[in-house]
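A.B. asks: Sequence first, predicted coordinates after that:
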Amino acid sequence: MAASGALPIVDLAPFFAAGDSAESGNGVARARATEDVREACLATGFFRVVNHGVPRELMARALELSAAFFAIPDDEKAKARSPDASASLPVGYARQPAHSADKNEYLLVFNPGLWLNAYPAEPAGFREALEECYEKLTELGLLIQEILNECMGLPTGFLAGYNGDRSFDFLAALRYFPSSSTEDSNGLSAHEDGNVATFVLQDDVGGLEVLGDDSNGGWILAEPVEGSIVVNVGDVVQVLSNGKFRSATHRVVRKPGLPHRHSLAFFLTVHGDAWVEPLPEFVAGVGQAPRYRGFRYGEYQLLRMRNKTHPPSRPEDVVHITHYAI
């Protein structure tokens with residue numbers, strides 16, 4: 001497993017090549033890449049993928065158009081919102097409340113096939129780039145899901161059974177505001193993602209940091225590397241594995257003197273009705289007591305959404321997966 005800085009790199013090229021028998025060179029390469037993912041999930045829950053099937057030109061174009069969108073006046077950006085104030089999914093443009101510690105604005109896009117998104121009229125080609133990214137990142141997500149399935153020793157297609165119609169996945173285009181001082185450096189507070197896995201495309205400004213494992217500790221800079229995609233595992237995998245695989249703790253830091261930071265993040269989830277609890281393979285099968293009680297995925301996401309829309313006045317009141325800890 002190679003490394004750029006301190007993030008492990010996983011080469012996915014073998015999964016796009018023909019021939020996968022255990023005896024073939026490609027089969028061996030796939031097994032090695034799978035083991036690299038497993039090691040990363042046991043350590044920090046973070047890794048970087050290359051040769052992932054998402055065209056570099058598309059990634060660059062989507063980030064460029066995203067930057068152009070966020071540069072337009074606020075009243076124009078605000079038009080990219082759902083006209084239905086009671087919509088169950090917060091589609092379109094929003095920015096963090098003024099009292100939030102997080103300093104960013106974003107555009108949320110859900111499955112284009114659901115016909116519920118609120119796209120901006122400008123810049124030209126932005127909608128098409130977002131939808132193409134959504135398609136390619138979905139394909140990458142399903143591949144990583146298969147690899148995670150293998151890493152966890154689960155029956156073939158087991159994790160796919162949690163997905164339903166893929167109506168809960170979403171893509172976020174984000175812009176982080178410049179920092180004026182070292183005392184005003186927070187862009188996104190330290191947290192874990194509540195889903196299966198997240199895929200991040202970032203510009204060259206940087207700022208994404210990952211909490212090291214227990215042996216190393218400290219924050220690891222996920223430096224921008226052209227053409228690569230940063231992947232992190234979320235709470236669903238941590239709960240299913242009864243804590244064996246780590247939901248990655250990460251944050252975004254804004255350094256003074258740097259411009260706006262732009263990124264695209266795709267969130268691979270499970271269906272809202274999915275029941276999530278430690279699997280027998282990680283509990284009774286290995287003589288371990290469950291570390292989490294079961295829950296409906298949609299219930300947990302509603303609690304996490306409230307963290308964003310109504311940030312608690314006390315940090316200890318923010319809902320994490322520890323809400324379900326036993």
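C.D. replies: Yes, it's here.
A.B. asks: how close does Tyr297 get to Gly92?
C.D. replies: Per Cβ to Cβ, to the nearest Å, Tyr297 is found 23 Å from Gly92. Every residue, glycine included, has its C-beta placed from N, CA and C.
A.B. asks: and what of Ser185?
C.D. replies: Distance of Ser185 to Gly92, given as Cβ to Cβ: 28 Å.
A.B. asks: would Leu264 count as being in a strand?
C.D. replies: Yes - assignment of Leu264 by DSSP: H, G, I helix; E, B strand; the rest coil places it within a strand.
A.B. asks: So the closest residue in space to it that isn't next to it in sequence: helix, strand or coil?
C.D. replies: Distance criterion Cβ to Cβ, 6 or more residues apart in numbering; nearest residue to Leu264, sequence neighbours excluded, is Leu201 at 4.4 Å. Counting by three-state DSSP, the backbone at Leu201 sits in strand.
A.B. asks: Was I right to think Leu201 contacts Leu63?
C.D. replies: Yes - applying Cβ atoms under 8 Å, one finds Leu201 in contact with Leu63, separated by 6.4 Å.
A.B. asks: on that earlier part again, so for Ser185 and Gly92, which sits in the more crowded spot?
C.D. replies: Gly92 (23 against 16; other Cβ atoms under 10 Å).
A.B. asks: Near the closest residue to Gln202 other than its chain neighbours, how many other residues are there?
C.D. replies: Of all residues not flanking Gln202 in the chain, Ser263 sits nearest, at 4.3 Å (Cβ to Cβ, 6+ apart). For Ser263, the count of nearby residues is 25 (other Cβ under 10 Å).
A.B. asks: I'd say Ser263 and Asp203 touch.
C.D. replies: Yes - Ser263 lies in contact with Asp203 (Cβ under 8 Å); the separation is 6.9 Å.
A.B. asks: Name the residues contacting each of the two.
C.D. replies: Leu63 (Cβ atoms under 8 Å, 6 or more residues apart in numbering).
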